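> give me the fold of what follows.
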Amino acid sequence: MENMQAVNSFVAAYLKKKGFKEAEQLLEDLQNKESTPIDFHNDPDLAKFIHHFSQSEDDVAQYQDGYSKLRSWTYSSLDLYKHELLRVLYPVFIHSFMDLVAKGHLQEARTFFNAFHEDHELMHSRDLQKLEGVLSQSHLEEMEFARSLRQNKVNIKICQYSYDLLLQYLHKTQSTAMLGVINEHINFQVTSVEPGSISDDTEVVTLIGSCQDAASLINQKEIHWGLLEDSLEERLEKEGGLLSDSEKTEAENKEGDVDDSKKRSVEGGKQGASTKKLKKDKAVNATAKSARPEAKPTPAAPRVKPELTLPVMSTEVEQSILEDLRNRVQLSSVALPSVSFYTFLNTHNGLNCSSISQDGSLVAGGFSDSSLKVWDMAKLGQQAGSSTLQGENDSTSSEHVAGPNGVKRSYTLFQGHSGPVYSATFSPLGDFILSSSADTTIRLWSTKLNANLVCYKGHNYPVWDVQFSPVGHYFASSSHDRTARIWSMDRIQPLRIMAGHLSDVDCVQWHANCNYIATGSSDRTVRLWDVQSGECVRIFIGHRSMILSLAMSPDGRYMASGDEDGTIMMWDLSSGRCVTPLMGHTSCVWSLAFSCEGTLLASGSADCTVKLWDVTTSTKAPKNEDKSGNPNRLRSLKTLATKSSPVYSLRFSRRNLLFAAGVLSKNV
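Model prediction:
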């Protein structure tokens with residue numbers, strides 16, 4: 001009788017502690033109706049479980065002991081099922097740690113973390129670095145990453161037999177702490193198929209704050225990925241526009257002048273300093289938005305109306321662009337582009353980013369000493385003195401660009417930032433350049449006046465990336481404050497703020513129709529945002545490290561993303577699914593660029609190479625057609641190696657000449 005009363009009191013205490021008021025009242029009413037306590041011994045297992053739970057609910061040792069035994073059991077399992085069972089360990093580990101913190105056992109939580117975190121360093125080092133900063137109960141609420149993990153279940157794919165083995169183990173050992181963690185924080189997706197290799201499933205090792213179900217729900221939203229109505233290329237196609245012989249000759253002469261001034265550093269020492277945020281990609285070709293009339297890889301993209309008010313283009317500029325389009329070289333897997341490489345010398349590891357203008361005539365570099373420097377390629381080979389460039393300081397001109405004969409030319413110096421410059425982007429016409437910095441600001445400079453025009457303040461932390469829209473006037477930025485923002489040149493406050501990423505937003509890119517922007521983050525996801533509403537309309541899950549570069553296909557249908565591990569993933573925007581991963585780089589992919597007709601993708605990496613990929617083959621090949629990975633390698637058309645220069649930026653001109661830039665590094 002005393003034992004039964006003890007059990008009743010334990011149950012009542014537990015219900016009260018957990019806030020189950022209705023259940024507590026019901027239990028009290030039942031006890032009042034009967035003169036004797038409720039006999040839980042009718043179900044001995046239940047009584048035993050409640051007894052055990054009440055005695056040890058706050059016993060911190062059960063977390064350490066329970067996890068240690070689960071870990072040992074998992075590692076001793078049959079190889080056929082071990083890799084599936086190992087998937088369970090990581091979420092159990094982090095939630096056990098956070099449970100201990102939540103209950104106030106901070107020292108025990110730290111001991112638990114230090115004892116087992118090395119098991120997960122290889123796959124989840126960035127998550128662990130964040131969680132290591134959880135030092136109190138308040139941190140669980142304040143840190144968005146931790147809070148999101150607590151609020152969402154992790155999806156784990158597992159076969160039926162592995163699932164049964166796990167349940168049998170947990171019940172047999174009465175691991176109530178582990179069972180509680182698993183029930184509360186893991187959602188098993190049990191399948192009847194044989195266990196597959198963990199390397200074949202990218203989602204299973206990626207722990208994101210937004211659960212997969214929520215991502216799937218978002219990815220069902222309708223998006224209009226087509227191209228803008230009445231674009232210049234569409235107009236040219238309708239006109240069947242061909243240049244007269246005299247016009248064509250004149251155009252070729254102009255192109256030749258530009259090419260001669262650029263082909264100088266094609267061979268290349270090209271790589272540079274390996275600092276953290278060197279990842280810029282100036283890849284989406286301004287105003288180049290649709291597949292060429294001659295190219296027939298895919299059906300014509302649908303036409304959409306602009307959500308933004310587009311700037312008016314002058315007749316002179318319009319004619320210049322049409323001239324470029326008429327003289328565009330058609331690229332394919334058998335017609336690869338000419339490549340012009342700009343090599344920075346003597347940067348003393350200070351170069352953080354580079355950018356190339358649409359026609360390749362201007363090259364910019366952002367430096368750790370807060371400076372932005374712009375080189376005019378037309379002046380290479382000329383013997384003009386440095387005094388001709390405003391803002392030049394002869395005593396500090398240590399950075400130069402290599403010319404064809406080793407001639408060094410000075411730069412135009414832009415000073416105004418008070419922190420390292422992490423990104424720069426030219427307007428489509430090259431008359432403006434934007435730069436973003438660790439000082440939390442974005443600055444607009446005039447390349448004609450060589451002066452700072454506006455300082456945009458809105459972010460609260462370093463701004464990692466800034467990108468002009470394909471039509472100019474509007475630009476997007478991304479920051480350490482986990483947001484991306486849309487701006488217009490004529491307003492000092494952002495027009496939209498995109499919030500949702502769980503970590504730094506490292507890169508940003510515009511869609512070809514300017515109605516969407518894409519953001520890549522250290523939380524290993526890429527998101528697509530509607531510019532008009534500011535809503536997230538796609539979440540792309542699959543990368544295993546931070547995303548450093550993005551590029552949109554000219555027809556607006558596909559997006560490419562490159563990460564810190566060297567993996568490139570091609571995404572279908574309409575479905576939100578990965579079309580194919582492109583494997584080949586051995587280090588960070590800092591830049592991506594689609595050719596103007598969308599048949600080729602160029603990627604630049606810290607491994608000192610530029611790779612050209614066949615987009616047409618890659619997007620048509622069925623996913624997982626061959627587990628060997630050979631098809632991916634076949635889609636790599638060519639690898640262009642530099643001597644020792646990591647590739648910082650890539651850009652296809654409107655005529656399909658590929659420009660690349662990097663910095664000579666002796667540390668590679």
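> so where's the stretch 351-500 of the chain uncertain?
380-410 (pLDDT under 70).
> which residues of it fall in strands?
351-356, 362-367, 371-376, 400-402, 408-409, 412-415, 421-426, 432-437, 441-446, 451-457, 463-468, 474-479, 483-488, 496-499 (DSSP state E, counting those that start in this stretch).
> tell me which of the ones you listed lies nearest to residue 67.
strand 496-499 (34.3 Å; C-beta to C-beta). Backbone N, C-alpha and C define where each C-beta goes, glycine included.
> that older thread, take the strands of the stretch 351-500 of the chain and lay them out in CSV including mean neighbour count and distance to residue 534.
CSV is the format used below for the strands of the stretch 351-500 of the chain (neighbours: other C-beta atoms under 10 Å; distance: least, C-beta to C-beta, whole Å):
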stretch, mean neighbour count, distance to residue 534
strand 351-356, 29, 27
strand 362-367, 25, 28
strand 371-376, 24, 29
strand 400-402, 21, 40
strand 408-409, 17, 44
strand 412-415, 19, 31
strand 421-426, 28, 21
strand 432-437, 25, 20
strand 441-446, 21, 19
strand 451-457, 15, 18
strand 463-468, 28, 17
strand 474-479, 26, 12
strand 483-488, 24, 8
strand 496-499, 18, 4
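> for residue 650, find the nearest of those strands.
Per C-beta to C-beta, nearest to residue 650 of those: strand 351-356, 8.0 Å.
> who are the packing partners of the closest one?
In terms of contacts (3 or more C-beta pairs under 8 Å, 6 or more residues apart in numbering; DSSP states H and E), strand 351-356 is packed against strand 339-345, strand 362-367, strand 421-426, strand 647-652, strand 658-663.
> among the ones you listed, which comes closest to residue 81?
That would be strand 647-652 among those, by C-beta to C-beta, at 43.0 Å.
> what's the distance between that closest one and the middle of its chain?
Centroid separation for strand 647-652 versus its chain: 17 Å, with C-alpha atoms, centre = their mean, to the nearest Å.
> quick check: which element contains residue 68?
Assessed by DSSP states H and E, residue 68 sits inside helix 61-75.
> likewise residue 319?
Here residue 319 is assigned to helix 315-326, by DSSP H and E.
> if you count neighbours, what's buried in that helix?
320-326 (16 or more other C-beta atoms under 10 Å).
> beta partners of the nearest residue to residue 414 once chain neighbours are set aside?
Of all residues not flanking residue 414 in the chain, residue 372 sits nearest, at 4.1 Å (C-beta to C-beta, 6 or more residues apart in numbering). Beta-bridge partners recorded for residue 372 (DSSP bridges): residue 366, residue 414.
> for residue 372, what are its contacts?
For residue 372, the contact set (C-beta atoms under 8 Å, 6 or more residues apart in numbering) comprises 364-366, 413-415, 417, 421, 424, 433, 435, 443, 445.
> go on, residue 461?
Counting by C-beta under 8 Å, 6+ apart, residue 461 makes contact with 440, 479-481.
> can you do 6 Å?
By C-beta atoms under 6 Å, 6 or more residues apart in numbering, the residues touching residue 461 are 479-481.
> in the stretch 1-150 of the chain, which spans are helices?
Assigned by DSSP state H, counting those that start in this stretch, the helices in the stretch 1-150 of the chain fall at 2-18, 21-33, 44-56, 61-75, 79-102, 106-116, 121-131, 137-142, 144-151.
> which of those has the lowest mean pLDDT?
Per-stretch mean pLDDT for the helices of the stretch 1-150 of the chain is lowest at helix 44-56 (a mean of 50).
> before we move on, the earlier item: so which of the helices and strands packed on strand 351-356 is nearest residue 226?
Comparing the helices and strands packed on strand 351-356 by C-beta to C-beta, strand 647-652 comes nearest, at 20.9 Å.
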